[in-house]
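Peer 1: sequence plus predicted model, see below.
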Amino acid sequence: MKKHLFVCFVILFGLSAAAQPTFNVSSLPSQVGQYNCSYFSTNNLSVAAMLALTNGAQYWDFSQPQQDYETVLRTDIIDPADGMGGGSFTNALYAEQDTMETMESTNQNAWRYYSITNQGRIYYGSYVTNTDADGYQMFSPPTLDVPATVTNGQTWTRTTSWDSTIYTIFGPVPIDYQFSATANVDAYGTLVLPVIGAVPALRVHEVHGYIGTLDGSPEEIEIVTNQYYYWLVPGLGVAVQVLQYGNNILDPGSMPFTNSVERMFHASYFPVASPSLYIHLQSGSALLNWDTFPNSSSYQVQAIGSLGGTNWQLLGLTTTNSWSDTLSTTQRFYRVVGIP
């Protein structure tokens, strides 16, 4: 009997992937110094397949390695005062700073300003470079974009407005925007992420409506409806985002992109430990035993065919410190996920 010692990755989150999780707003990163990284793309041809639903629990596989058409998007939690235009968002407690990393350069291109409260996450607005003349979206009033707790089947709505400036052939023109959103938590299931692996998730589908009018005039110059999908994971936050852009009804064909997709593959705040995993080969089976994980009441056992892969698969759940898996003719690596 041969004994192998492997180091496993331990990822702590709220519930098993098979259950309907409850997402708490405290899972959203909000502490200065935290960050996450995602693969980012636009005009992604596989979007439709990613969004389709079946009955019951879903299985969303976003685990593909980085594609040629994807760049790395890093989002850092920073002090509001350190963000572009942050001095204008005096009530915000933190900001998300997006940095798009390419082989040629690193560019900071967006800042969003938030606070976490007992009601949920308050979104005060943003500053986005290379968009409107001034870059600001200062919401009036601030909007509650994620409630304190989120469960499958839940719905909510929000509205807000902001003043902006756009460039035209006649020069800068002030414009007023009215925004509305209707959110529906339309599915739950297992989300498989690059590197991170299988995690429980809720999917939220939001319909975003934008109406733009010239400052001081009732004349509408922009009417846009976007479809926004995002996956909430306990302990991780918004792990995947898909935005389908709608054309301006008053200016068809104006939108340069059909969609954008973000797939998280790393988060500094997703707690990781490395107790020992022992594997014994016996009677056609792999017998797994591991040390007790602190603060864990049950465990997920996951496997993958290659350490270079990204799509860790869920084999099962157990409340004990052991698992038996029938040997196959192909190579298999294991890891154990502790569940509080």
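Peer 2: Yep, that arrived.

Peer 1: quickly list what Arg74 is bridged to.
Peer 2: Here Arg74 sits in beta bridges with Cys37, Thr99, going by DSSP bridges.

Peer 1: distance of it from Ser268?
Peer 2: Arg74 sits 10 Å away from Ser268, going by Cβ to Cβ, to the nearest Å. Glycine gets a C-beta too; all of them are placed from N, C-alpha and C.

Peer 1: kindly report the same for Thr143.
Peer 2: Using Cβ to Cβ, Thr143 is found at 27 Å from Ser268.

Peer 1: between the two, which one's more packed in?
Peer 2: Thr143 (18 against 14; other Cβ atoms under 10 Å).

Peer 1: low-confidence ranges in the chain?
Peer 2: For the chain, applying pLDDT under 70 flags the ranges 1-19, 102-108, 130-134, 271-275, 294-296, 307-310, 339-340.

Peer 1: so Ala181 sits against Val207, correct?
Peer 2: Yes: applying Cβ atoms under 8 Å as the test, Ala181 and Val207 come out as touching, 6.8 Å apart.

Peer 1: ok, back up a step: what touches both of Arg74 and Ser268?
Peer 2: Both Arg74 and Ser268 are contacted by 35-36, under the criterion Cβ atoms under 8 Å, 6 or more residues apart in numbering.

Peer 1: how many neighbours does the closest residue to Gln227 other than its chain neighbours have?
Peer 2: Nearest residue to Gln227 in three dimensions, chain neighbours excluded: Gln244, at 4.1 Å (Cβ to Cβ, 6 or more residues apart in numbering). The tally of other residues near Gln244 (other Cβ under 10 Å) stands at 18.

Peer 1: and Gln244, what does it touch?
Peer 2: Counted by Cβ under 8 Å, 6+ apart, Gln244 has contacts 47, 226-229, 258-259.

Peer 1: redo that, cut-off 10 Å
Peer 2: When contacts are counted by Cβ atoms under 10 Å, 6 or more residues apart in numbering, Gln244 touches 47-48, 51, 208, 225-229, 257-261.

Peer 1: look up which residues are beta-bridged to it.
Peer 2: Note on Gln244: beta-bridge partners Gln227, Asn259, judged by DSSP bridges.

Peer 1: gap between it and Thr225?
Peer 2: 10 Å.

Peer 1: which residue ranges of the stretch 151-300 of the chain form strands?
Peer 2: Using DSSP state E, counting those that start in this stretch, the strands of the stretch 151-300 of the chain run over residues 155-168, 171-193, 197-214, 220-233, 237-244, 259-267, 272-273, 276-282, 285-290, 298-304.

Peer 1: could you check the angle strand 155-168 makes with the second one?
Peer 2: Going by axes from the mean of the first three to the mean of the last three Cα atoms, to 10 degrees, strand 171-193 is angled at 140 degrees with respect to strand 155-168.

Peer 1: parallel or antiparallel, list what pairs with strand 171-193.
Peer 2: Here, using DSSP bridges, strand 171-193 pairs with strand 58-61 (parallel), strand 155-168 (antiparallel), strand 197-214 (antiparallel).

Peer 1: tell me the most buried of the ones you listed?
Peer 2: strand 197-214 (a mean of 21; mean count of other Cβ atoms under 10 Å).

Peer 1: measure Phe139 to Gln31 for me?
Peer 2: 23 Å.

Peer 1: which of the two has more neighbours?
Peer 2: Higher neighbour count among Phe139 and Gln31: Phe139, with 21 against 9, using other Cβ under 10 Å.

Peer 1: SS state for that one?
Peer 2: Three-state assignment for Phe139 (DSSP: H, G, I helix; E, B strand; the rest coil): strand.

Peer 1: ditto for the one 5 residues further on
Peer 2: Of the three states, Leu144 takes strand under three-state DSSP.

Peer 1: what's the neighbour count on it?
Peer 2: By the measure other Cβ under 10 Å, the count of residues near Leu144 is 18.

Peer 1: can you check Glu70 too?
Peer 2: Number of residues near Glu70 (other Cβ under 10 Å) recorded here: 18.

Peer 1: if I follow the layout properly, it ends up in contact with Ser46?
Peer 2: No: taking contacts as Cβ atoms under 10 Å, Glu70 lies outside contact range of Ser46: 11.7 Å.

Peer 1: now do the shared contacts for these two.
Peer 2: 64, 261.

Peer 1: residues in contact with stretch 52-61?
Peer 2: With Cβ under 10 Å, 6+ apart as the criterion, stretch 52-61 contacts 17-20, 50-51, 152, 186-193, 198, 200-203, 205, 231, 239-240, 310-311, 313-314.
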